[in-house]
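**Student:** coords please:
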Amino acid sequence: MFNTDQIEKFKTFSTPFYYYDLDLLKKTLETLKASCDKYGFMVHYAVKANANKKILSIISSYGFGADCVSGNEVKRAVECGFDAQKIVFAGVGKSDKEILSALKLGIFCFNSESLQELEVINSLAEKENKIAQVALRLNPGIDAHTNKKINTGLSDSKFGIDFNKLEEIIAFVQGLKNLKLIGLHFHIGSQILDLEPYKLLCERSNELQKKLSNLGLNLEVINLGGGLGIDYYKPEKNSVPDFEKLFDLVHSNLNVKDFQKVHFEFGRSIVGQCGTLVSKVLYTKPGEGVDFAILDAGFTDLIRPALYGAYHKIENITSQALENGVYDVVGPICESTDVFAKARSLKKTKRGDLIAFYSAGAYGEIMVSGYNLRDFPEIYYSEN
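**Tutor:** Modelled structure (predicted):
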């Protein structure tokens, strides 16, 4: 997926490193903007996927909002050009300090997840002499058919408010003088490739809208969250997600009134394919029935395989060998879980070869740690 000139340049870089294809990022953003403008939808970029300042500055330049899950993400988003009035603040455990900071910055909305949180936001807003806009994050009880560790829409999830307690919650919010209820928020999971759960979510939202109408409530925001997946197996073929397909499904199935705006929160689908982790082979050694390729990158640099059992396409980009070998691709960390892939077919691999992990733009750099006191990976861009 890299040309000869790029690979020769990579040989001069310190490894491991993250490499971002900014042209692909911009192509993705242009595709997304054209699609959301067509339907009049509002998109907030989920900062947790990748908070690289250069990446954020590019995304904000397209006029998108930001979806944040910590006070520092809110601050970073504003610093990188996002309009505070397009920032939503989600998360099941917002601290008082984070809420106060967001109030002072004048963000658009808090996506609220519990009665107690609503009380706290109201109290802090009163102290600041502000009215805080809130959307209720409801747990719709929908299985997104994704990895169980990133499935957030079922009833046993820590996220959201019980779908069946809506009337009780609305009555409670209406009694809080420094809150303004403006919408409903959902998020059913991540890395969703089958769009059927979104159809179910639209149907569930329609039920809620009908119930709200009967209560005399007309909320201006319907936030369907994010979760749209990317193709980890064939990133070269499907480098830009099909936003249009999802938006068309929502447009066809969601009942939206004239005064309402539909919001989405995309992270992985925007930045996932533009990032690659490149590592160097330190050693190879024979194992029990399979060889080991031991790299200078470990789960400190890309934790998804160890944490979720996640798949990334892996390629030896410097080997000139005509035949393949089968390798357990592992890192140097003193943990048995520091494994990227088992029995993976690669071109015959030797010490000094460069190994690329594709589709690493989301939940890659942002989750880097200093465990074992390791250096953080370098960062390079296509324009360097």
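**Student:** contact partners of the strand ranked longest in the chain?
**Tutor:** In the chain, assigned by DSSP state E, the strand with the most residues is strand 275-286. Strand 275-286 has contacts (CB atoms under 8 Å, 6 or more residues apart in numbering) with 10, 13, 15-21, 50, 291-297, 301-302, 317, 327, 332, 349-362, 364-365, 377. Bear in mind the C-beta positions are built from the backbone N, C-alpha and C, glycine included.
**Student:** which one is Val74 nearest to, not counting chain neighbours?
**Tutor:** In space, and not counting its chain neighbours, Val74 is closest to Cys68: 4.6 Å by CB to CB, 6 or more residues apart in numbering.
**Student:** so Ile355 sits in a strand?
**Tutor:** Yes - checked against DSSP: H, G, I helix; E, B strand; the rest coil, Ile355 lies within a strand.
**Student:** give the contact list for it.
**Tutor:** 278-281, 293, 295, 297, 314-317, 329, 346, 349.
**Student:** quick one: the strands in the stretch 201-350 of the chain?
**Tutor:** Assigned by DSSP state E, counting those that start in this stretch, the stretch 201-350 of the chain shows strands spanning 221-223, 261-266, 275-286, 291-295, 314-316, 324-330, 339-347.
**Student:** any weak-confidence spans in the stretch 251-384 of the chain?
**Tutor:** Residue ranges of the stretch 251-384 of the chain with pLDDT under 70: 384.
**Student:** ugh, typo on my part, it should be the stretch 1-150 of the chain
**Tutor:** Using pLDDT under 70, the stretch 1-150 of the chain drops low at 142-150.
**Student:** where do the helices sit along it?
**Tutor:** Applying DSSP state H, counting those that start in this stretch to the stretch 1-150 of the chain gives helices spanning 4-10, 22-39, 53-60, 71-79, 96-105, 115-127.
**Student:** quick one: contacts of the first one?
**Tutor:** Put plainly, it is helix 4-10. 2, 19, 278, 317-318, 354.
**Student:** and the longest strand of the chain, which strands flank it?
**Tutor:** strand 17-20 (antiparallel), strand 291-295 (antiparallel), strand 354-357 (antiparallel) (DSSP bridges).
**Student:** Just want the angle from the second one to strand 339-347.
**Tutor:** Pointing back at strand 291-295 there. Taking axes from the mean of the first three to the mean of the last three CA atoms, to 10 degrees, one finds strand 291-295 and strand 339-347 inclined to each other by 110 degrees.
**Student:** Render the CA-only coordinates of strand 291-295 in CSV, please.
**Tutor:** Output in CSV follows, covering the C-alpha atoms of strand 291-295 (Å, rounded to 0.1, in the frame of the first residue of the first chain):
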residue,chain,number,x,y,z
ASP,A,291,8.4,-18.7,14.0
PHE,A,292,8.3,-15.5,16.0
ALA,A,293,8.8,-12.0,14.5
ILE,A,294,9.8,-9.8,17.5
LEU,A,295,9.2,-6.1,16.8
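**Student:** Give me the distance between the nearest residue to Gly226 once chain neighbours are set aside and Pro197.
**Tutor:** Using CB to CB, 6+ apart and skipping residues adjacent in sequence, the residue nearest Gly226 is Glu265, 4.1 Å away. Separation of Glu265 from Pro197 (CB to CB, to the nearest Å) stands at 15 Å.
**Student:** Check Ser382 too.
**Tutor:** In terms of CB to CB, Ser382 sits 34 Å off from Pro197.
**Student:** Give me the more crowded residue out of those two.
**Tutor:** Using other CB atoms under 10 Å, the more surrounded residue of Ser382 and Pro197 is Pro197, with 20 against 13.
**Student:** wouldn't the more buried one be in contact with Ile188 here?
**Tutor:** Yes - the pair Pro197 and Ile188 qualifies as a contact (CB atoms under 8 Å) at a distance of 5.7 Å.
**Student:** thinking again about what came up before, specify the beta-bridge partners of the residue nearest to Val74.
**Tutor:** In beta-bridge terms (that is, DSSP bridges), Cys68 pairs with Phe89.
**Student:** Just give the number of residues close to it.
**Tutor:** Neighbours of Cys68 (other CB under 10 Å): 30.
**Student:** Surely it and Phe82 touch.
**Tutor:** No - using CB under 8 Å, Cys68 makes no contact with Phe82, being 9.0 Å away.
**Student:** which residues are common contacts for these two?
**Tutor:** With CB under 8 Å, 6+ apart as the test, Cys68 and Phe82 reach no residue in common.
**Student:** residues touching the nearest residue to Asn122 once chain neighbours are set aside, list them.
**Tutor:** Nearest in space to Asn122, with sequence neighbours left out and distances taken as CB to CB, 6+ apart, is Leu176 at 4.1 Å. Shown in contact with Leu176 (CB under 8 Å, 6+ apart): 118-119, 122.
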